[in-house]
Structure formats: C-alpha cells, structure tokens
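S.K.: heads up, no residue letters with this:
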Ligand SMILES: Nc1ncnc2c1ncn2[C@@H]1O[C@H](COP(=O)(O)OP(=O)(O)OP(=O)(O)O)[C@@H](O)[C@H]1O
C-alpha cells in the first residue's frame with residue numbers, strides 16, 4: 001500500500017505538486033493520470049525518496065522510503081528504462097543490482113524468465129530495443145520480489161504488442177496481491193489497464209475513484225431525439241425539469257439533445273403526449289471529452305501546441 005498525505009513540492013515559484021492526498025491499495029492496478037507537467041513524475045520521485053517534499057508525507061507499507069530496511073524487497077520502480085550500462089549484458093546488469101542489494105544470484109535467472117529475456121540475457125543491454133529495455137527495467141524492479149511497484153509512463157514509445165504485454169504484466173502483478181501504481185497521460189490506455197484511477201492536474205488532485213466511476217461522472221450522458229413535433233416535445237421535456245439543447249450538428253433535420261434523462265423516459269413522455277418520434281438515441285460522451293473537461297483548465301501549456309499535446313495524447 002502507498003499512502004500519500006498532503007504531499008507538496010515547490011521548485012521556486014513552480015508548484016509542481018500541491019497538497020496531494022491519496023491511497024494506492026494492493027491487489028489492483030492504480031492509474032496515475034494527468035497531462036504533461038501535471039506532477040506525476042515528481043510525485044513518484046518523492047514516494048521513492050528521490051526528491052524531498054516541501055511538505056507532506058509519502059509512505060510505502062507504512063514507512064517512508066528512507067526508513068525501509070530493505071528497499072528493493074519492498075518497492076520496485078521503473079522510472080527510466082534507458083539507464084542501464086550500455087556495455088553490460090542484461091544478466092550482468094541484474095547480477096550487479098542483486099549483489100549490491102544482498103539478493104541471491106539465482107533470482108536473476110528467475111526475473112529474466114519472468115519478463116521473457118532469458119534468451120538474450122547474455123547480449124549487451126546497450127543494443128536493446130525500447131521494448132526490451134522496458135522488460136529489463138521490469139526485471140530489475142522485480143528482483144527483490146517487492147509487494148509495491150511503481151511504473152512511470154511504461155508504455156511510452158512501445159509498439160502495440162509491447163503495450164499489450166506490459167499491460168497484461170502489470171495486471172498479473174496486481175492479481176498476485178501487489179500494489180501497482182502506473183503513470184500515464186493517456187486516459188484511453190489507463191481505461192484498459194487500471195481499475196482505480198488517481199487523476200491530477202497542475203499538481204492537484206482532480207479525482208480518486210474507480211475508472212468506471214470517473215467515466216460515468218465526467219462524461220455526460222445525453223439522448224438525441226428527432227420529431228416532426230419538436231416544439232411540442234421541447235415543452236413537454238422542459239416542463240419535466242429537463243435540460244434540452246438544439247442539436248446543431250444534425251444533418252437529417254432539427255433535433256434536440258436532452259441532458260440527464262433516458263431513452264425510456266423520453267419515449268414514454270412522447271407517447272403519452274401523442275408525439276411522433278423519428279429518432280431516439282442514447283449518446284455517451286467520450287473518454288477523451290471527460291479527460292479534457294476535467295483537466296482542460298489544468299493543462300500547463302496553454303496557447304500554441306496545446307492541441308498537439310492533448311490531441312496527440314488521447
Ligand atoms: N527539478 C525541477 N526543477 C524545476 N521544476 C521542475 C523540476 N522537476 C519538475 N519540475 C516542474 O514541475 C512540474 C511537474 O513536472 P513533472 O515532471 O512531475 O510532471 P509530469 O506529470 O510527470 O509530466 P511529464 O509527463 O511531462 O513528465 C512541471 O512544471 C515541471 O516543469
């Protein structure tokens with residue numbers, strides 16, 4: 001379990017992380033989501049004792065990182081896959097890590113097998129593709145068989161096969177009862193990977209819920225309706241207290257968009273008032289819209305490029 005309480009980090013005038021409080025429970029993948037510059041890496045670095053908080057605390061299994069007696073046996077992390085020594089083989093790299101942390105050499109072959117690198121264990125890690133480097137990073141994180149794992153943007157730059165592999169691997173680690181925190185700026189990716197979602201923007205907590213709750217709460221459900229008696233239908237619906245908008249995008253003729261109702265309720269209301277319906281369709285806001293709506297005001301890089309940053313991300 002990871003417990004973050006009032007965590008704050010200021011770099012001069014930059015408030016990278018501001019009073020963050022959330023808990024990462026074991027047994028499920030928790031997505032840590034936010035646009036670029038939201039403060040995800042800074043938060044993870046503070047959890048791992050690599051950055052000192054301005055205030056607040058981050059506990060791993062009830063202790064700060066610095067108080068852990070056997071850090072590698074308690075928490076594993078994948079922050080930057082390319083930090084391995086370029087002239088070392090994958091096995092030599094892991095053996096060096098194991099030796100400096102009092103971990104048995106036999107564990108090295110175990111983790112190489114776990115991440116599917118057993119066949120290339122003797123090859124220079126410097127020549128590894130990004131996907132293989134990520135696997136080696138994972139092997140390093142798993143050396144101490146830790147109950148807590150942190151991954152910072154692990155699928156960045158990977159091909160679809162690599163993404164699928166990492167996603168399944170994280171889910172497997174969680175199903176073994178481990179605490180898995182994985183950061184991403186991709187809501188669509190997190191929706192397929194995580195069960196629990198902590199969303200931040202500009203260093204502040206925006207949402208802490210299940211992925212489904214986040215989607216349900218933030219993406220607006222509407223019903224689109226067409227009728228030859230549109231004015232009559234509008235007054236019936238507004239008299240029931242519903243919010244009704246014109247649908248300007250309709251090619252087939254005028255249509256209404258009704259907020260906060262269901263196709264059943266609207267169909268009944270139309271029927272009991274003798275109104276003919278030509279179309280009655282439930283519409284769900286997309287995940288992308290939900291994320292934009294919630295973090296839109298919190299995107300750090302306004303102005304030029306924001307379309308690219310967000311559009312490319314989602
Ligand atoms: N060492 C530092 N010195 C000054 N400012 C920093 C430092 N590290 C991070 N920041 C600033 O803190 C903010 C949060 O950065 P951080 O890297 O944690 O965000 P992030 O959500 O991980 O984004 P990304 O996905 O782009 O890495 C940004 O404004 C960043 O410029």
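M.R.: Okay, I see it. Note that the coordinates shown come from a computational prediction; the quantities given were computed from them, not determined experimentally. Numbering: from 1, shown residues only.
S.K.: count of neighbours near residue 136?
M.R.: When counting by other C-beta atoms under 10 Å, one arrives at 26 neighbours for residue 136. Bear in mind the C-beta positions are built from the backbone N, C-alpha and C, glycine included.
S.K.: next, it: secondary structure please.
M.R.: Following DSSP: H, G, I helix; E, B strand; the rest coil, the label given to residue 136 is helix.
S.K.: residue ranges with poor pLDDT in this structure?
M.R.: Where the chain drops to pLDDT under 70, the residues are 81-86, 249-250, 285-290, 293, 296-314.
S.K.: which stretches of this protein form strands?
M.R.: For the chain, strands defined by DSSP state E occupy the ranges 2-11, 14-24, 29-33, 55-60, 75-78, 148-152, 179-184, 196-201, 204-210, 221-226, 243-246, 256-259, 279-284.
S.K.: against which helices or strands is the last one packed?
M.R.: Packed against strand 279-284, as judged by 3 or more C-beta pairs under 8 Å, 6 or more residues apart in numbering; DSSP states H and E, are the following elements: strand 221-226, helix 263-272.
S.K.: can you list contacts of that strand?
M.R.: Counting contacts by C-beta atoms under 8 Å, 6 or more residues apart in numbering, the residues outside strand 279-284 that touch it are 219, 221-226, 252, 255, 257, 262-263, 266-267, 270.
S.K.: give me the angle between the longest helix seen in the chain and strand 179-184.
M.R.: Taking DSSP state H as the criterion, the chain has its longest helix at helix 160-175. Taking axes from the mean of the first three to the mean of the last three C-alpha atoms, to 10 degrees, helix 160-175 and strand 179-184 form an angle of 150 degrees between their directions.
S.K.: can you mark which positions in helix 160-175 are buried?
M.R.: For helix 160-175, burial by neighbour count (16 or more other C-beta atoms under 10 Å) applies to 162-163, 165-167, 169-171, 173-174.
S.K.: just checking: which of those residues also lie near the ligand?
M.R.: Within the set of the buried residues of helix 160-175, contact with the ligand (C-beta under 6 Å from any ligand atom) is found for no member.
S.K.: those into a markdown table, with extra columns for distance to residue 238?
M.R.: Shown next, in a markdown table, are these (distance: C-beta to C-beta, whole Å):
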| residue | distance to residue 238 |
| --- | --- |
| 162 | 52 |
| 163 | 46 |
| 165 | 52 |
| 166 | 50 |
| 167 | 45 |
| 169 | 52 |
| 170 | 48 |
| 171 | 46 |
| 173 | 52 |
| 174 | 47 |
